[in-house]
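Engineer: Everything below, folded, please.
(chains A, B, C and D)
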There are 2 protein chains.
Amino acid sequence: MEDERARTVFVPPRRERSVVEAHLAEAGLRPTSQRSLVYEVLLGHAKEHPTADEIFIQAKQEKPDISMATVYNCLDALVRHNLIRQMHLDRAATRYCPNMHEHAHFLCEECGEVSDFEGQAKPRQSGFKVPREFKVTQVEMNMRGLCPDCTEKGVSR
Amino acid sequence: MEDERARTVFVPPRRERSVVEAHLAEAGLRPTSQRSLVYEVLLGHAKEHPTADEIFIQAKQEKPDISMATVYNCLDALVRHNLIRQMHLDRAATRYCPNMHEHAHFLCEECGEVSDFEGQAKPRQSGFKVPREFKVTQVEMNMRGLCPDCTEKGVSR
DNA sequence: AATCTAATTTAGAATTATTCTAAATATAAT
DNA sequence: ATTATATTTAGAATAATTCTAAATTAGATT
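Structural biologist: Numbers count the residues shown, from 1 in each chain, chains lettered A, B, ... in the order given. Sure thing, here's the model as predicted:
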């Protein structure tokens, strides 16, 4: 493969690794076509916080042979390498989120939409008594209520 | 049944409704034997934050005929009436928690134990930017890290 | 370029969690 | 006692996730 670059004539310039693939490699993951695709799909649907199944359906359009098991494998790898996060609301399927800026989630109980609130968790100022002896390394915060749109529409709840 | 009280001799005093049943009734739920049992089991295992399945197994010891569907029905009713809460960590089964004092959860990544941290959520001081237009009615906070025991045992992570 | 090793993907089965269904039963009100 | 409604039930159905063992691929090494 190195050799390709050594050829002297008419070698089409090596396509640069896509940004996505670079991300994967940086994170220490082999940028296989499936992984790249899964990650790409998720990046393209950040707002929707899609489920594994939804990602699978999307990915299948590009790559009809991809299997559900692979989607789960890829998602798990991405989670382990901190490229994406899992979200668990209710008893429904796990949702995924490629936004790795620290943020909290807000679920509108009226329309079901999930919004991201950026910021940096301050667990010890959140109102809960976190004993000094506990070492907090990760904070997940999910809020519920009414989004601006639904509030406006006069839903009171 | 009322009549029992009217009898004149050797009537064992009607057992007063248990505290559990009173709770259910207060919350506007018919205190059926199954519901009372499910709630009781959960109250007796608050620390463990058991799954529906674990509750089912426990309940079955008392009442071998209870069915899984009933356990789910009961849990859902209890949740809807604010007697218990659901917890979602990871992709595993939903866990239940009868502690209704406002609190956050802490999962020790070493030993897997879940601890409750009491307090009152202050979503707008938690570090996340919660736009004024969002009406927050419920906050769920899950932290991860090392519990005191595991920290002591020298696990570094 | 061929070879090797370990990681990854795959289909499909298996498992687990949850919901649904329609009939039977229990509750509370009348 | 009667009635209307809520609840429970077994079991089937569905949905979410994991497992398995074989095939493929990536990247490193010759």
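Engineer: which residues of chain A fall in strands?
Structural biologist: With strands called from DSSP state E, chain A shows them at A:85-87, A:95-97, A:103-108, A:114-118, A:135-146.
Engineer: would you list those strands in TSV and tack on mean pLDDT and mean neighbour count?
Structural biologist: Any C-beta I mention is one placed from the backbone N, CA and C, and that applies to glycine too. Output for the strands of chain A, formatted as TSV (pLDDT from 0 to 100; neighbours: other C-beta atoms under 10 Å in any protein chain shown):
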stretch	mean pLDDT	mean neighbour count
strand A:85-87	96	18
strand A:95-97	97	21
strand A:103-108	96	22
strand A:114-118	96	17
strand A:135-146	95	19
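Engineer: Nearest to residue A:125 among the ones you listed would be which one?
Structural biologist: Evaluated with C-beta to C-beta, the strands of chain A place strand A:135-146 nearest to residue A:125, the distance being 11.4 Å.
Engineer: ok, and what's touching that closest one?
Structural biologist: Residues outside strand A:135-146 that contact it (C-beta atoms under 8 Å, 6 or more residues apart in numbering or on different chains) are A:87, A:89, A:104-110, A:117, A:121, A:123, A:126, A:130, A:155, A:157, B:106, B:109, B:123, B:126, B:128, B:130, B:134-146, B:151, B:157.
Engineer: try stretch A:123-132
Structural biologist: Contacts for stretch A:123-132 (C-beta under 8 Å, 6+ apart): A:136, A:139, A:141, B:103-104, B:106, B:117-123, B:125-127, B:141, B:143, B:148.
Engineer: Could you rerun that using 7 Å?
Structural biologist: With C-beta atoms under 7 Å, 6 or more residues apart in numbering or on different chains as the contact definition, stretch A:123-132 has outside contacts at A:136, A:139, B:103-104, B:117-122, B:125-127, B:141, B:143.
Engineer: Which two of the residues you listed have the greatest separation?
Structural biologist: B:118 and B:127 (19.5 Å).
Engineer: Would you map out the domains in chain A?
Structural biologist: Using automatic domain parsing, the domain parsing of chain A gives A:12-100, A:101-157.
Engineer: number of nearby residues for residue A:80?
Structural biologist: 12 (other C-beta atoms under 10 Å in any protein chain shown).
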